[in-house]
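Engineer: Got a sequence here, can you build the structure:
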Amino acid sequence: MTSTELKDFLDEKADLYNRPDFITTDPIQIPHSFTVKEDIEIAAFIAAILAWGNRKMIIRSGQRFMEIMGNSPYDFVMTHKEEHLETLNTFVHRTFNGQDAKTFIKALRNIYQNHDGLEAVFNQSQSNGNQVESISNFKRIFFEIPHLPRTTKHISDPLNKSAAKRINMMLRWLVRQDNKGVDLGIWKSINPAHLSCPLDVHSGNVARKLGLLTRKQNDAKALVELDTNLRLLNPQDPVKYDFALFGLGVFEGF
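Structural biologist: Have a look, this model is predicted:
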């Protein structure tokens with residue numbers, strides 16, 4: 001199909017899936033449960049980090065994590081005592097375990113106490129029209145507290161060849177705002193034009209079938225290629241097409 005036909009096709013599919021009923025089947029429902037900015041962004045971060053595997057299992061794990069925090073994520077992060085973290089000992093989602101969860105809570109408190117919060121950290125290294133340095137800088141700051149080496153694997157670094165799918169998905173949730181009721185759009189300091197598509201098996205396979213991606217691996221180089229092509233279709237809002245690629249792959253078996 002021509003570039004115009006491709007854009008029309010993807011716009012149609014993005015509009016089909018970018019609507020409120022999408023929330024009920026997606027981990028984005030976890031941050032949608034909150035109204036306070038800090039609660040929303042912490043919930044979005046945790047839900048995104050847990051977002052690999054079966055979607056129903058991801059949602060259950062995200063809800064359980066919120067329940068352990070008394071459904072007050074920011075208050076729990078900022079006021080917890082060591083004994084409160086013991087409730088996380090039994091938390092497991094795939095390879096993310098209770099020790100990882102406790103480290104994440106401590107790292108989040110450090111970010112809010114000493115770095116002005118999640119949005120401020122991600123806004124520190126805005127450059128080159130993408131989030132590569134921003135995500136890498138976030139990982140460095142996140143793990144400046146004592147931690148086990150194994151826990152670092154739960155946050156990817158695009159400077160280490162990763163597509164950083166989960167963090168890019170969180171950024172889409174928190175930055176993108178189009179009044180459709182799905183993405184939350186509470187971070188105003190980051191330009192949506194600089195966001196990257198959360199590249200995974202589904203979106204990667206669909207992108208290849210549509211000629212948006214030629215690289216076989218779903219890595220950082222593939223993400224640059226996909227970003228470049230999606231920005232040609234919509235320079236201001238390239239990640240709207242995440243809805244199209246994901247919906248085509250998951251719901252339509254494209």
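
Engineer: shouldn't Gly204 be in contact with Ala222?
Structural biologist: Yes: in this structure, Gly204 is within contact of Ala222 by Cβ atoms under 8 Å, at 6.8 Å. Where you see a C-beta, it was placed from the backbone N, CA and C, and this is true even at glycine.

Engineer: could you point out where the stretch 51-200 of the chain is predicted with low confidence?
Structural biologist: Within the stretch 51-200 of the chain, not a single segment meets pLDDT under 70.

Engineer: Do you have the helices of it handy? List them.
Structural biologist: 55-68, 73-79, 98-114, 118-122, 132-142, 165-175 (DSSP state H, counting those that start in this stretch).

Engineer: Keeping just the C-alphas, turn the shortest one into CSV.
Structural biologist: Right, helix 118-122. Provided in CSV are the C-alpha atoms of helix 118-122 (Å, rounded to 0.1, in the frame of the first residue of the first chain):
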residue,chain,number,x,y,z
LEU,A,118,9.6,10.8,38.6
GLU,A,119,8.7,13.4,36.1
ALA,A,120,11.7,15.6,37.1
VAL,A,121,14.1,12.7,36.7
PHE,A,122,12.8,11.8,33.2
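
Engineer: Which other helices and strands does that helix contact?
Structural biologist: helix 37-49, helix 98-114, helix 132-142 (3 or more Cβ pairs under 8 Å, 6 or more residues apart in numbering; DSSP states H and E).

Engineer: which one of the ones you listed is the most hemmed in?
Structural biologist: Among these, helix 37-49 has the highest mean neighbour count (mean count of other Cβ atoms under 10 Å), at a mean of 24.

Engineer: so what's the nearest residue to Pro198 once chain neighbours are set aside up against?
Structural biologist: Leaving aside its chain neighbours, Pro198 sits nearest to Met169 (3.8 Å; criterion: Cβ to Cβ, 6 or more residues apart in numbering). When contacts are counted by Cβ atoms under 8 Å, 6 or more residues apart in numbering, Met169 touches Ala48, Ala51, Pro198, Asp242.

Engineer: Was I right to think the first one contacts Ile167?
Structural biologist: Yes: the pair formed by Ala48 and Ile167 meets the contact definition of Cβ under 8 Å, at 6.7 Å.
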